[in-house]
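Colleague: Requesting a structural model of the entry that follows:
(chains A and B)
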Amino acid sequence: DTEVTQTPKHLVMGMTNKKSLKCEQHMGHRAMYWYKQKAKKPPELMFVYSYEKLSINESVPSRFSPECPNSSLLNLHLHALQPEDSALYLCASSQPWGNPETQYFGPGTRLLVL
Amino acid sequence: AQKITQTQPGMFVQEKEAVTLDCTYDTSDQSYGLFWYKQPSSGEMIFLIYQGSYDEQNATEGRYSLNFQKARKSANLVISASQLGDSAMYFCAMREGGTGNQFYFGTGTSLTVIP
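Modeller: As a prediction, this is how the structure comes out:
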């Protein structure tokens, strides 16, 4: 059973909509991540939060806005997306120190932008 | 240069047979970690096994084992007694000592188990 949950599982939105993806973990991890994954490709890192502070932003367009309200929650706010943003969005969490820093992933949100 | 290389885009294995998925890595760090994940068609990335660069023994987790050859910079995943449920995409990943929380993923290998 995954201990990282993501909602919604599926999302269809128009290019003018505003929506949010939510991620929650209950493993006491202090690092959380957003990845974007296209079909048959590896995940691409978007953002990393460490101790609720944004530590890595991989030059993601501003139409994606992350938020980490507390150590258990991670949101990704979406606005004015493009059809090419359609993908599987994965959230992950880990401890930010020591070994092995294994990242544990949620089930993902499949996003379709029309 | 690619940090993680997986040279097998697709693999087939007969049910109950063993299969090896290849992974080579590139790093100049002394401290690093190597990970394997399984991704079924449902989309979730499932952590399978971890090998630290200082671990002297190969990691094992149930039917999964990691054949770690440090001098060759390879970290191959061995799945014994394949099951139909093993059909999935498999990703090798690496965390370098100095990169904080960043993982580098390979391009993946699609494994199909044939009954």
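
Colleague: near chain A, which residues of chain B show up?
Modeller: B:33, B:35, B:37, B:42-47, B:50, B:52, B:89, B:91, B:95, B:100-103, B:105-108, B:110 (C-beta under 8 Å from any C-beta of the partner chain). C-beta coordinates here come from the backbone N, C-alpha and C atoms, glycine included.

Colleague: Just the ones of those residues in strands?
Modeller: The members of the residues of chain B next to chain A that map onto strands under DSSP state E are B:33, B:35, B:37, B:46-47, B:50, B:52, B:89, B:91, B:95, B:103, B:105, B:110.

Colleague: Farthest-apart pair in the residues you listed, please.
Modeller: Across these, the longest distance by C-beta to C-beta is 27.3 Å; it joins B:52 and B:110.

Colleague: Name every strand pairing with the worst-scoring helix or strand of chain B on mean pLDDT and say which way it goes.
Modeller: Scoring the helices and strands of chain B by mean pLDDT, DSSP states H and E places strand B:103-105 at the bottom, with a mean of 92. Here strand B:103-105 is paired, per DSSP bridges, with strand B:88-96 (antiparallel).

Colleague: and the direction of the strand it pairs with versus that of strand B:46-52, what angle?
Modeller: 40 degrees (axes from the mean of the first three to the mean of the last three C-alpha atoms, to 10 degrees).

Colleague: export strand B:88-96 as PDB, just CAs?
Modeller: C-alpha atoms of strand B:88-96 as PDB (Å, rounded to 0.1, in the frame of the first residue of the first chain):
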ATOM      1  CA  ALA B  88       5.800  -3.400 -16.200                       C
ATOM      2  CA  MET B  89       8.300  -0.600 -17.000                       C
ATOM      3  CA  TYR B  90      11.400  -0.700 -14.800                       C
ATOM      4  CA  PHE B  91      13.500   2.300 -14.100                       C
ATOM      5  CA  CYS B  92      17.000   2.500 -12.700                       C
ATOM      6  CA  ALA B  93      17.900   5.700 -10.800                       C
ATOM      7  CA  MET B  94      20.800   7.200  -9.000                       C
ATOM      8  CA  ARG B  95      21.300   9.800  -6.300                       C
ATOM      9  CA  GLU B  96      24.700  11.400  -6.100                       C
END
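
Colleague: Other residues contacting the worst-scoring helix or strand of chain A on mean pLDDT?
Modeller: Least confident element among the helices and strands of chain A, by mean pLDDT, DSSP H and E: strand A:53-57 (a mean of 88). Here strand A:53-57 makes contact (C-beta atoms under 8 Å, 6 or more residues apart in numbering or on different chains) with A:45-49, A:66, A:68, B:100-102.

Colleague: I'd like to know which of the ones in strands among the residues of chain B next to chain A are buried.
Modeller: Applying 16 or more other C-beta atoms under 10 Å in any protein chain shown to those, the neighbour count classes B:33, B:35, B:37, B:47, B:50, B:89, B:91, B:95, B:103, B:105 as buried.

Colleague: This completes my enquiry, with thanks.
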